[in-house]
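*Asks:* Kindly return the folded structure for what I paste below:
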Amino acid sequence: MAVRAGEAGRRHFMNIPYRYQRFLRHLGIIGLIFLLLFLIAWICWVVWLQRYVVYTSDGVKLDFSQSSYDISGVEAKAPSDNVQISIFYNEGADAIDTAKEMTQLAGYYITNDMCKEDMDNVMLQVERLPSKTPVMVDMKGPFGSFFYNSKLSGAVISQSTDIPAMEKLVERMNTKGFYKIARISSLRDRTFGEANVSSGLYMLSRAGLWMDSGGMYWLDPTNASTITWISSVVLELKEMGFDEVLLDDFQFPNSDAYIFSGDKAAALQTAATKIMEACSSSKFVVSFGVDDPTFALPDGRCRMYLSDVDAGSVAATYAKVTVSDPEIRVVFLCESGDTRYDKYSVLRSLNVAEEVENRKAE
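*Replies:* Numbers count the residues shown, from 1 in each chain. So this is what the prediction gives:
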């Protein structure tokens, strides 16, 4: 009975006039074309949405607020040939001779948040500091925005930072004769990662770059473009007159949700060596903000910076350090004026400068 039914169906189709058969075929072809166009549009939509996908411990979500970051800065333009770049030199009696051997640090750091919240107070505290004080200031954040008028191609200047005020701060640091340190976020850089996807760490699915809980991309230290980019920023700050540049976030993110095959410690040490080869000199220091006190520093004028180490753990952490001259080459970053840091190289928050300086004067 089934065979007879099939034969009857075929005879019924054959009874359809030829012109209607052609019409049905054309209709089917048109339907397939529309289906193909729909699939292409859907794929493009998914790719476009990728920039808004945020992976958290609670799962995956779309965060369209991230799009505001794409327009939060102004892309720096290449300078014309006749632009004069001001570089400040202090050659007075209180000038720092950076040709001397590196010495133990006891100074302060200034964050970008401090500058945005109360620049007047920052300038007041800076005025109170004695000459030759080591002072570190944020010059580039983890989103990739620059807190100064960078001339690098592709640089994005922060619009939430008062750039003229930052220029005045850096100028005053020069005239005060401070030992000037610029801090930049190095391997954590959303803007560069977004513009140079091949330089970043991919998520396990390879659908795009892995993003941390703060919405930032991390760069691969084994990628040549990563090394070139970081080195170019360091060299620009060196030309601006800074005595030292700290590469903050010089580490791998603490997660197993991205792809990296190989020895992470060796990769970081190789990257540090390449950056030192490109940027170091007899009068300039390149330093690395790491999360591992056993990190092996490369040869040359460089330091290791450790943060988030409380006063009760500082001695135990210091004991793990393996670099030579640790009293000079290992620096702790702390927010408090706790005296347990005094025997080590330390940069404290500018917010406790008055407390610490008063204690020194006693």
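
*Asks:* can you pull out the helices in the stretch 151-300 of the chain?
*Replies:* For the stretch 151-300 of the chain, helices defined by DSSP state H, counting those that start in this stretch occupy the ranges 163-175, 190-195, 224-239, 264-279.

*Asks:* Repeat that for the stretch 1-150 of the chain.
*Replies:* In the stretch 1-150 of the chain, the segments counted as helices under DSSP H, counting those that start in this stretch are 2-14, 18-49, 112-117, 119-128.

*Asks:* By mean pLDDT, show me the worst of those.
*Replies:* Sorting those by mean pLDDT places helix 2-14 lowest, at a mean of 54.

*Asks:* on that earlier part again, got TSV for the helices of the stretch 151-300 of the chain, with mean neighbour count too?
*Replies:* All C-beta atoms are positioned from the backbone trio N, CA, C, and that covers glycine. Formatted as TSV, those follow (neighbours: other Cβ atoms under 10 Å):
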stretch	mean neighbour count
helix 163-175	16
helix 190-195	21
helix 224-239	19
helix 264-279	18
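
*Asks:* Ok, which of those helices comes nearest residue 102?
*Replies:* Among the helices of the stretch 151-300 of the chain, the nearest to residue 102 by Cβ to Cβ is helix 264-279 (13.9 Å).

*Asks:* Phi and psi next, for the nearest residue to residue 307 once chain neighbours are set aside.
*Replies:* Sequence neighbours aside, residue 333 is the residue nearest to residue 307 in space, at 4.2 Å (criterion: Cβ to Cβ, 6 or more residues apart in numbering). Note on residue 333: its backbone torsions stand at phi -110, psi 120 [degrees, to the nearest 10].

*Asks:* Residue 333 contacts residue 347, doesn't it?
*Replies:* Yes - counting by Cβ atoms under 8 Å, residue 347 is a contact partner of residue 333 at 5.5 Å.

*Asks:* tell me, what's touching those two both at once?
*Replies:* Here residue 333 and residue 347 have 109, 305 as joint contacts, going by Cβ atoms under 8 Å, 6 or more residues apart in numbering.

*Asks:* ok, the two, which is more surrounded?
*Replies:* Neighbour count, other Cβ atoms under 10 Å: between residue 333 and residue 347, residue 347 has more, with 24 against 20.

*Asks:* The stretch 251-362 of the chain: strands as residue ranges?
*Replies:* Listed in chain order, the strands of the stretch 251-362 of the chain (DSSP state E, counting those that start in this stretch) span 285-289, 302-307, 330-334, 345-349.
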